[in-house]
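**Q** Quick one: sequence and predicted model below, then my questions.
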There are 2 protein chains.
Amino acid sequence: MNSRVEERCIAQGVRMTDQRRTIAKVLSESTDHPDVDQVHARAVKLDPETSITTVYRTLRLFEEAGVLEKHDFRQRRFRYEEATDQPHDHLIDVKTGDILEFYAPEIEQILEEHAKTLGYQLIDRRLELYAIPLTKDA
Amino acid sequence: MNSRVEERCIAQGVRMTDQRRTIAKVLSESTDHPDVDQVHARAVKLDPETSITTVYRTLRLFEEAGVLEKHDFRQRRFRYEEATDQPHDHLIDVKTGDILEFYAPEIEQILEEHAKTLGYQLIDRRLELYAIPLTKDA
DNA sequence: GTAGCTGCAAAAGATTTGCGACCAA
DNA sequence: TTGGTCGCAAATCTTTTGCAGCTAC
């Protein structure tokens, strides 16, 4: 059965190959935000032939097709996740590097408003919270 | 007269040299968000001897001392600005690369709240709006 | 059949580092 | 004096690209 990411790529008219199917499967099955090396490592488990070059090329292709999102999170490498219709932002645990997702609908309009005041129309945004775990006694 | 950035570095116990004074002056006089090459170019005008290596080292030093802030803005290179006591966020004109600053006090508490709900205490945040100019007839 | 894909090795671009000479405190 | 700093060149790290052979449509 085709993976969700594969289906979305096909819908976007992206040509499919074995390698791309493998990488699509990896992303479909990931619930975290893997970087290129992690995607490569997971792809190699499914198909040992997969090269890192193709992973780079494929992730970029999928991202340009709007199927994946690429994030920076102030770490060395870019991280990827499947794009969702539901917008959301990220909280990064600066101790462990863990990434949590959240959605703050209340700020949408506020940000729109600020952009408008400056004479701009919003195209995209990046909101990341860097935080440490709350201690019981804090 | 010492520049503002220089004074703040001295207050932080950073050892001063001619090169550092020059770079401190450049940042003190910048109202934009220059990248390393731009800082270097401006420094060279004041002191032709300034090397790019020292600019890299010094910007990092000043940032670690909390006197400068380093931003990514999804461009190739990092950009720098003097740290301010007044928190603010940025709007990036995706057509021109221009960077505007704004402050949305309304969202502060909302974000704190979301972090707390996830069990975290905020350390820092990154909020960037990517936008295009509003057209008159839009 | 042919434009598009793949893997390898090499290139690229930004930033960091080793090192010997030099300088601030 | 002496540990910190400077400039140069070389190294690093991630990502991209040239090329020759292979493949999906």
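**A** Right, received. Where do you want to start?
**Q** Near chain B, which residues of chain A are found?
**A** Counting by CB under 8 Å from any CB of the partner chain, chain A comes close to chain B at A:72, A:74, A:91, A:93-94, A:100, A:102, A:104, A:106-107, A:110-111, A:114-134, A:138. For the C-beta atoms, the positions are set from N, CA and C on the backbone; glycine is no exception.
**Q** Just the buried ones from the residues you listed?
**A** For those, a burial check counting by 16 or more other CB atoms under 10 Å in any protein chain shown picks out A:91, A:93-94, A:100, A:102, A:104, A:107, A:111, A:114-115, A:118, A:120, A:122, A:125-131.
**Q** Quick check: phi and psi on A:Lys70?
**A** Dihedral pair for A:Lys70: phi -110, psi 130, per degrees, to the nearest 10.
**Q** Now do the contacts for it.
**A** Contacts for A:Lys70 were tallied using CB atoms under 8 Å, 6 or more residues apart in numbering or on different chains; they are A:Leu59, A:Glu63, A:Phe78, A:Arg79, A:Tyr80.
**Q** Pairing partners for the spatially closest residue to the last one that is not a sequence neighbour in the sheet, please.
**A** In space, A:Tyr80 comes closest to A:Leu68 once its chain neighbours are excluded; the distance is 5.1 Å by CB to CB, 6 or more residues apart in numbering or on different chains. Here A:Leu68 sits in beta bridges with A:Glu82, as judged by DSSP bridges.
**Q** A:Leu68 is in contact with A:Thr58, isn't it?
**A** No: with contact defined as CB atoms under 8 Å, A:Leu68 does not reach A:Thr58; the gap is 9.5 Å.
**Q** returning to what we had before: can you flag which of the residues of chain A next to chain B belong to strands?
**A** A:91, A:93, A:100, A:102, A:120-133 (DSSP state E).
**Q** just so I have it, where are all the helices in chain A?
**A** A:4-11, A:18-29, A:36-46, A:52-64, A:105-117 (DSSP state H).
**Q** Around DNA strand C, which positions in chain A sit nearby?
**A** Contact residues, chain A versus DNA strand C (CB under 7 Å from any atom of the strand): A:14-15, A:17-20, A:49-51, A:53-54, A:57-58.
**Q** can you pull the contacts of the spatially most central residue of chain A?
**A** Note on chain A: the residue nearest the mean C-alpha position is A:Glu81, at 2.5 Å, using CA atoms, centre = their mean. Shown in contact with A:Glu81 (CB under 8 Å, 6+ apart): A:Leu27, A:Ser30, A:Asp32, A:His33, A:Leu68, A:Glu69, A:His71.
**Q** Swap in 6 Å and give it another go.
**A** Going by CB atoms under 6 Å, 6 or more residues apart in numbering or on different chains, A:Glu81 touches A:His33, A:Glu69.
**Q** Tell me the spacing between it and DNA strand D.
**A** 14 Å (CB to the nearest atom of the strand, to the nearest Å).
**Q** Ok, A:Val44 next?
**A** Applying CB to the nearest atom of the strand, the value for A:Val44 to DNA strand D is 15 Å.
**Q** Equivalent analysis for A:His71, please.
**A** Distance of A:His71 to DNA strand D, computed by CB to the nearest atom of the strand: 10 Å.
**Q** how near is the closest residue to that residue other than its chain neighbours to A:Pro87?
**A** Closest residue in space to A:His71, ignoring its immediate chain neighbours: A:Arg79 at 4.8 Å, by CB to CB, 6+ apart. Going from A:Arg79 to A:Pro87 by CB to CB, to the nearest Å gives 17 Å.
**Q** more crowded one of these two?
**A** A:Arg79 (20 against 12; other CB atoms under 10 Å in any protein chain shown).
**Q** who's in contact with that one?
**A** Residues in contact with A:Arg79 (CB under 6 Å, 6+ apart) are A:His33, A:Asp35, A:His71.
**Q** Was I right to think the second one contacts A:Arg77?
**A** So the one you mean is A:Asp35. Yes: at 4.0 Å, A:Asp35 counts as touching A:Arg77 under the criterion of CB atoms under 6 Å.
**Q** Measure how buried A:Thr17 is and give me the count.
**A** Neighbours of A:Thr17 under the rule other CB under 10 Å: 11.
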